[in-house]
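Visitor: build me a model:
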Amino acid sequence: MGERPGDDGAFMTVVLADDHVLVRSGVRMLIEAEDGVSVVAEAGDVGGTLREVRAHKPDVLVLDLTMPGGSSLAAIPSILEASPDTAIVILTMQDEPSLARAALRAGALAFVLKDEAPAELMKAVRAAVTGSRYVNPQLGARIAAEPDGRAELPDQLNDREVEVLKLVAVGHTSMEIGRQLNLSVRTVENYRSQILKKTRRTSRAELVAYARDCGVVH
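Guide: Residues are numbered from 1 along each chain as shown. The predicted structure is shown next:
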C-alpha cells in the first residue's frame, strides 16, 4: 500500500469490484483521470474481490453490492480482516436506506449511487481514504428521516435473512432471489421458512406487511 494521499509523492491504490465489465471500464477511466490514483486490480465476483484485496492491500476498494459468488455485504468483514487499512466505497444501484445502514455498520466508509454524477464517486473515495464517511446526500437525508428498520426488527433475523426478506417483499420469486444471492432455490426456501418461523407469519402477504412495518422496504 502506498503513502496516504496528501503527502508529497503520495499515491492512492484502488481495486474495482463489479460484475459488469463496462461499469468497471468507465469507473477505471474516471479514477485514473485523477492525479496520483492508480487502479491496481479488478474483480467481477465476491471471491475474486477477496483475492485481489489480499494480494494488493489497496487504499480503496470500490465495491458493488450485487455480484456473483455470494453477498458483497456479508463479505465486508472478511475483506477488512484481509486488509484492515482498505477503505471500502460502495457503488450501487440500490438506494434503500436499510442497505446503506447495513453496509456502514459492516465497515464500509462510503455509499454512492451509480446514477449520480461521476464527481460524487471521487468525492467519496477522497473522503473514505482519509477515514471519513460519505453517503449520497439524497440517500443520507432519507436515512436521517426514516427509522432504522434493521435495528428495530424484533425477531433476531440475521443479515442473510434480512436480504431474503427484502427481496421477497419487493416481489422476487425464490428462483430470482437465488440468482441474485448466488443461492440454490432450496436454500432460499429454507431461509423463507426460517423467516416465517421467526416472525410468526404464515404467508408472503404477511411478510410484505412485516417488512414495511419494520422499515426493511418502503
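
Visitor: mind listing the helices for the protein?
Guide: 21-32, 46-56, 72-82, 97-106, 118-129, 137-145, 149-152, 159-169, 174-181, 185-199, 204-214 (DSSP state H).

Visitor: now do the last one: which elements does it pack against?
Guide: I take that to be helix 204-214. helix 159-169, helix 185-199 (3 or more CB pairs under 8 Å, 6 or more residues apart in numbering; DSSP states H and E). For the C-beta atoms, the positions are set from N, CA and C on the backbone; glycine is no exception.

Visitor: give the buried residues for stretch 33-48.
Guide: Buried residues in stretch 33-48, counted by 16 or more other CB atoms under 10 Å: 37, 39-46, 48.

Visitor: next, the distance between the ends of it.
Guide: End-to-end distance of stretch 33-48 (CA to CA, to the nearest Å): 25 Å.

Visitor: which residues touch it?
Guide: Applying CB atoms under 8 Å, 6 or more residues apart in numbering, the contact partners of stretch 33-48 are 5, 10-19, 21, 24, 28, 31-32, 49, 51-52, 55-56, 58, 67-72, 75, 122, 125.

Visitor: just the buried members of those?
Guide: Buried, going by 16+ other CB under 10 Å: 5, 12-19, 24, 31, 49, 52, 56, 58, 67, 69-72, 75, 122, 125, out of the contacts of stretch 33-48.

Visitor: what does the domain assignment say about the protein?
Guide: With automatic domain parsing as the criterion, the domains of the chain are listed as 12-145, 149-214.

Visitor: where does the chain dip in pLDDT?
Guide: 1-10, 145-155, 217-218 (pLDDT under 70).

Visitor: again, 50 this time
Guide: Applying pLDDT under 50 to the chain flags residues 2-4, 6-9, 149-151.

Visitor: could I get the helices of the chain as JSON lines with distance to V89?
Guide: Shown next, in JSON lines, are those (distance: least, CB to CB, whole Å):
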{"stretch": "helix 21-32", "distance to V89": "10"}
{"stretch": "helix 46-56", "distance to V89": "13"}
{"stretch": "helix 72-82", "distance to V89": "12"}
{"stretch": "helix 97-106", "distance to V89": "10"}
{"stretch": "helix 118-129", "distance to V89": "5"}
{"stretch": "helix 137-145", "distance to V89": "14"}
{"stretch": "helix 149-152", "distance to V89": "21"}
{"stretch": "helix 159-169", "distance to V89": "20"}
{"stretch": "helix 174-181", "distance to V89": "22"}
{"stretch": "helix 185-199", "distance to V89": "29"}
{"stretch": "helix 204-214", "distance to V89": "27"}
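
Visitor: all set, thanks.
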